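>>> Show me the folded form of this:
(chains A, B, C and D)
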Protein chains: 2
Amino acid sequence: MSEKGLEPISVLRAKGKRITPQRRLILQIVQEHKGHLDADGIHLWAKGRYPRLSLSTVYRTLDLLRELDLVKELGLATDRRHYEAKPREEHQHLVCLGCGKVIEF
Amino acid sequence: MSEKGLEPISVLRAKGKRITPQRRLILQIVQEHKGHLDADGIHLWAKGRYPRLSLSTVYRTLDLLRELDLVKELGLATDRRHYEAKPREEHQHLVCLGCGKVIEF
DNA sequence: GTCCGTGCAAAGGGTTTGCATTCCC
DNA sequence: GGGAATGCAAACCCTTTGCACGGAC
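The predicted model follows:
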């Protein structure tokens, strides 16, 4: 298990969403750029590593990540939208002294 | 003269802009609605009193009013722009004790 | 009379959607 | 294999722009 809490990828899994290379990549790029990219910028960066990626997948993935509260929409400009990765929420661990099972909340 | 400072209409005149019924009307509607209208909403209200008014005139007038600092653009939504009238700036009067002429600044 | 401002329609640009194909589970 | 996710292109919608006419000064 992780020491730092639920990985964003695990959030996808927990919500029954499929984990695709496109989603991994877009999430990673948003995390790397700390909130200064718009959809087109994300698309450009992502295409460098995954040329088949389409812009509509970027938009759909950003919508999904926003629904799951992994990404936040910013109001930096009025004519386009910018996104930033949400910091992981604070949480605690419950550890069972008998079996060692850990629950995060 | 006014006790409250330069009228928005006078700002237009002072900047060499023409005072048209469309501009008067759009300015008035923005002032009446305290910042909760988008361009289309302004257009709808305005057409009630001036049916010939076009949406592009609304946009061009809002641009002008924003340039003249009479109106402010809000970030209420990411998919459209909202506008509000700017409150009149504070100012003082200089009164000539000889001829009575008043200058605002 | 000038030429700025307007109306109309078409273009622009970011975002969304329909549909066949791909591929994660 | 089944259904969610993707890619592509077209559709959408807000906003901007080109152009000829109209009206403020």
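
>>> Mind telling me what element the residue sitting nearest the centre point of chain A is part of?
Centroid-nearest residue in chain A, with Cα atoms, centre = their mean: residue A:27, separated by 4.1 Å. Per DSSP states H and E, residue A:27 falls inside helix A:21-33.

>>> May I ask which helix or strand of chain A has the lowest mean pLDDT?
None of the helices or strands of chain A scores lower by mean pLDDT, DSSP states H and E than strand A:102-104, at a mean of 65.

>>> How about the contacts made by the closest residue to residue A:50 other than its chain neighbours?
Leaving out its chain neighbours, the residue that sits closest to residue A:50 by Cβ to Cβ, 6 or more residues apart in numbering or on different chains is residue A:25, at 5.5 Å. C-beta: built from backbone N, CA, C; applies to glycine. Counting by Cβ atoms under 8 Å, 6 or more residues apart in numbering or on different chains, residue A:25 touches A:46, A:49, A:50, A:53.

>>> burial measure for the closest residue to chain B within chain A, as a count.
Distance from chain B to each residue of chain A (Cβ to the nearest Cβ) is smallest for residue A:75, at 4.4 Å. Residue A:75: 12 surrounding residues under other Cβ atoms under 10 Å in any protein chain shown.

>>> The one 4 residues further on now?
When neighbours are counted by other Cβ under 10 Å, residue A:79 registers 7.

>>> again with residue A:31
Using other Cβ under 10 Å, the number of residues around residue A:31 comes to 15.

>>> Provide a complete list of residue ranges assigned to helices in chain A.
A:8-14, A:21-33, A:39-49, A:55-67 (DSSP state H).

>>> Okay, now the unreliable bits of chain A?
A:1-6, A:35, A:89-93, A:97-105 (pLDDT under 70).

>>> Show me what from it comes close to DNA strand D.
Applying Cβ under 7 Å from any atom of the strand, one finds that chain A approaches DNA strand D through A:17-18, A:20, A:22-23, A:50, A:52-54, A:56-57, A:60-61, A:78-79.

>>> residues in contact with residue A:61?
Counting by Cβ under 8 Å, 6+ apart, residue A:61 touches A:22, A:23, A:26, A:27.

>>> let's see it at 7 Å
Going by Cβ atoms under 7 Å, 6 or more residues apart in numbering or on different chains, residue A:61 touches A:22, A:23, A:26.

>>> Could you pull up phi and psi at the closest residue to residue A:15 other than its chain neighbours?
Nearest residue to residue A:15, sequence neighbours excluded (Cβ to Cβ, 6+ apart): residue A:68, at 6.1 Å. Backbone geometry at residue A:68, expressed as degrees, to the nearest 10, gives phi -80, psi 0.

>>> burial count for residue A:24?
Residues lying near residue A:24 (other Cβ under 10 Å) number 15.

>>> For it, which non-adjacent residue is spatially closest?
Distances taken as Cβ to Cβ, 6+ apart place residue A:9 nearest to residue A:24, at 6.8 Å, with adjacent residues excluded.

>>> can you check residue A:19 too?
residue A:12 is the one closest to residue A:19 (Cβ to Cβ, 6+ apart), at 5.5 Å.

>>> related to what we said a few turns ago, most neighbours among the residues of chain A next to DNA strand D, please name it.
Ranked by the number of neighbours (other Cβ under 10 Å), the residues of chain A next to DNA strand D place residue A:61 first, at 23 neighbours.
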